[in-house]
Every structure is written in C-alpha cells, then in structure tokens.
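Peer 1: Fold the following and give me the result.
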Amino acid sequence: MKVLLTNFHPAPTGGGHSTYVLSLFKNLSSCHSEGMSPMKPQLFIAAPKTSYIYNQAQKIAPDRVFDVEFPTKFKEIVGIFKAVWSLKNLHTQYQFDIIHTNGSSDHHIALYLKWIGFFTLRNLRHRQNFHILRTKHDTKPFKNPFHKIEAMFTTRYIVVSEWLKNLFTNLTTPVDVVHNGIDVNYFKPREKNNHLAQQLGIQPDDFVLVSCAGNSAWKGWHFLTQAIADMPEEFRSSIKIIFTGKPVTGERFKTYVEDLGLSKQVLYSGFVGDIRPYIALGHIGFVLSHRIEAISFACRQMMAMGKPVIVSDYAGLPENLDNDLNGWIVKTADIVALREKIIDIMKNRHHLAQISAEASKKAHMEFNDTVFLQKTLHSYQLCMGV
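Peer 2: Numbering: from 1, shown residues only. All right, here's what the predicted structure looks like:
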C-alpha cells in the first residue's frame, strides 16, 4: 500500500499539522505487521520545500519526500497547474493507492488531478485511480455546494474529534474519528531546569502558566493576559506566563502585553526545537482557542508531561480532559470565569500534585500514539476495501 501524505503549509516552524504528518510518516512505514496490520504501508510526503514538514521528513527518508506547493487562489492559476502536473508526475512514477490530504489547498489539488483522470482519456483515468482521504484538522464548516462535490470524489474523511463529525451530517462520505496521538515516551514528566528558570526570571514562589499551542490570535492568549491583568495584586504579582514559539502577531502581541502592565510576567521562549524544558517549568498549561482549533496536540503533550490544562469549551477541546479531575474547562472567551478559575487553582495549590498525576495518567492511557496509528491504518484499509 503506497500512501502520499500532503500538506500545504509553507512555514519553516511547526504546528499541530506538522506533528500529525511527521508522526504518520515516521511510525507507520516502520511499523511491524504484528499487532498493527498485515498490510504494511509505504508512506511518502509532498510539501513545500520551505516547510517544517519537508525539512524534518528529509532527515527521516529523503528519497520519499517531494517538493510540491499547493496554491488554490485563482490569481495563482499558473501555480495550480504546476502543482497538479507535479502531483501527476509523482503518481505516474509511484502509483499511489491513497493520497492523504491535510488541508483544503492540497485536497483541491488532489481533486483536480482526480478529475483530470475522470473526464479525459481512459488510459489516463486508469492511471489516476487512487483514493483520496482527507484529515480535517480545523473547525471551518462545510457550507457551500462545492463541498458536496468534493465529498463525491473523496473516499473517506478522518476527523480529529467527535465534535468535528457533526460538520459532516449532510455528506454521505464515510467519516472516521481518530483522535490525535502523541509519543508518551518523549512527552513525560521531568524535573524542571532551574538554570532555565533563572534565565527567564522565574522565582521559586511564582505560579507559572505555560502553553506550547502557538500564539495566533485565535489561540485566545489575549483572554488569558486580560484575566491576569484583572486579578487582585496578591495573585497577579506572583504569576508568570510562558509562551513558546515566536509570536505570530509580532509587535502587536508585545504591545498588548505592555499596555496591560504584564511585560515582566509574560515570557517568550522564541521558536525552540525542544519545548519540553519550558513545559516542565509550568504548574498548569492552557489552550483557550475560540475558533479553528479542533482538538490540540499541545494540550495532550502538556498533559502527558504532568501538566493539567485549562481549555475553553470550544469544539473538541473538552474531549482532552475530565473537568476538575485532570484539568479544567471554562466557557470560551469568558475572561471573568477564567480569572476566577486561575485564582481558585492558586488558592488550592496543594491539590495540584494529584491533578497533575491524573493528567499524566490519562495521557499515557488514552493519548498513546499506538492507538492513533492503528486507527489511521484502519482508515487506509477501509479506503482500499480491505
């Protein structure tokens, strides 16, 4: 079984989509048939050469990684033709059984290639006889007629949360729910690095919130900073917030923080290859998205490292945890509720050790990437009719 994984993101820094694609590429091709499947897949990747996925995949198996960009805007029509042609040449050479797309742009290019084969010569149609599988990572709704046409030529969909499955009620294409899995042997509890804490200006009595979920505006970081700014001084003064990754919003991010008077409390790691030392410094994590986020790899990574996480009740985020047992759920964009929840956690810090242990326990039992790989492989088999 030959599977081409595609991703359109050109950014040199990673994200949830990168973790997803690279996990499949690294682990499914090398999996043993015992306990997994009698059909061992061979995976390939097509992604822009500038992307984090491309560069990381090159370190794993460079002969199975291809430079393909996936433009879809009408003004990029020349680029669209080039992308379809590149994908056609790859398919002609390798005869993929499945093209596994991970966004709307690469999905459209795969569909255009499919349609070329469907509406033209018989021998070309035979050569284009591959299945299209799409994983939907975001919460953007299917709301126009073109989505129904897409679904007619898409063999299956994977969604990363139960909540997302509701978006497909008007489509007949089969949908598999496969929650994101993580490497729990990599993301596991570890001692904090005191030298790093000193570098960041974290004091022994500080209460530290951390997130590796990214800094895009829709991640809800402004809800957290506003909630902290509104706290009584006795709580606010002892709080530190660690943001890993370079702020996507740049100077606007820092200006906003400065205007709230939190410059000395909001700490930036910049983009780092290993986020674990920063996660280890936190008492709790946070993922407060108010749009787009479907499930969050970051939430699961932090929980696996023994950090209970505060999540908004948006989309599939609550599926990560059990409220008040291994984390907390707050109403999306409710700054008052968020502020009061953090104050309550700080007042009851003696409970954190137990809640942290429960977070790690849940992650190791339920987020293990073995289940994720097995279910994805099963979706491949269903595409093939096995």
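Peer 1: Now do the end-to-end distance for stretch 48-66.
Peer 2: 8 Å (Cα to Cα, to the nearest Å).
Peer 1: For the stretch 251-386 of the chain, give me the ranges with low pLDDT.
Peer 2: 251 (pLDDT under 70).
Peer 1: now with 90?
Peer 2: By pLDDT under 90, the weakly predicted segments of the stretch 251-386 of the chain are 251-258, 268-273, 385-386.
Peer 1: what pLDDT does Val175 get?
Peer 2: pLDDT for Val175: 97.
Peer 1: Could you shift the numbering so residue one becomes 25, and keep it that way?
Peer 2: Understood, numbering begins at 25; the last thing we discussed is Val199.
Peer 1: who does it bridge with?
Peer 2: Tyr181 (DSSP bridges).
Peer 1: Determine the number of other residues adjacent to it.
Peer 2: Other residues near Val199 come to 19 when the count uses other Cβ atoms under 10 Å. All C-beta atoms are positioned from the backbone trio N, CA, C, and that covers glycine.
Peer 1: so it touches Val183, yeah?
Peer 2: Yes: if you go by Cβ atoms under 8 Å, Val199 and Val183 touch, sitting 5.9 Å apart.
Peer 1: quick one: common contacting residues for those two?
Peer 2: Shared contacts of Val199 and Val183, defined by Cβ atoms under 8 Å, 6 or more residues apart in numbering, are found at 189, 192.
Peer 1: what sits against Arg180?
Peer 2: Counting by Cβ under 8 Å, 6+ apart, Arg180 touches 155, 157-158, 197-200, 403, 406-407.
Peer 1: Actually, Ile123.
Peer 2: Ile123 neighbours (Cβ under 8 Å, 6+ apart): 27-28, 30, 111, 115, 134, 154-157.
Peer 1: Just those: which are in helices?
Peer 2: 111, 115, 134 (DSSP state H).
Peer 1: who wins for neighbours among those residues?
Peer 2: Ala134 (29 neighbours).
Peer 1: Leaving out chain neighbours, which residue sits closest to it?
Peer 2: Sequence neighbours aside, Ile123 is the residue nearest to Ala134 in space, at 4.7 Å (criterion: Cβ to Cβ, 6 or more residues apart in numbering).
Peer 1: where does that neighbour land in three-state SS?
Peer 2: Counting by DSSP: H, G, I helix; E, B strand; the rest coil, the backbone at Ile123 sits in strand.
Peer 1: Check it and give its pLDDT.
Peer 2: 98.
Peer 1: At which residues are the helices of the stretch 175-324 of the chain located?
Peer 2: 186-189, 218-224, 245-253, 257-260, 275-283, 300-304, 321-328 (DSSP state H, counting those that start in this stretch).
Peer 1: Which of these sits closest to Ala70?
Peer 2: helix 321-328 (21.5 Å; Cβ to Cβ).
Peer 1: what's next to the closest one, contact-wise?
Peer 2: 40, 43-44, 204, 206, 208, 211-212, 234-238, 299, 303, 306, 309, 311, 333, 335, 341, 344-345, 350-351, 383-384, 386-388, 391.
Peer 1: Can I have the buried ones of the residues you listed as a PyMOL selection?
Peer 2: Buried subset of the contacts of helix 321-328, written as a PyMOL selection, criterion 16 or more other Cβ atoms under 10 Å:
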select buried, resi 40+43+44+204+206+208+211+234+235+236+237+238+299+303+306+309+311+333+335+341+344+345+350+351+383+384+386+387+388+391
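Peer 1: Show me the domain layout of this protein.
Peer 2: Per automatic domain parsing, the structural domains of the chain span 26-205+392-408, 218-390.
Peer 1: Can you get me the start-to-end distance on the longest one?
Peer 2: Criterion Cα to Cα; first-to-last residue distance in domain 26-205+392-408 is 11 Å.
Peer 1: Same check on the shortest one?
Peer 2: Distance between the two ends of domain 218-390: 31 Å, counting by Cα to Cα.
Peer 1: How far off centre is that domain?
Peer 2: Put simply, domain 218-390 sits 17 Å off its chain's centre (Cα atoms, centre = their mean, to the nearest Å).
Peer 1: Sweet, I'm off.
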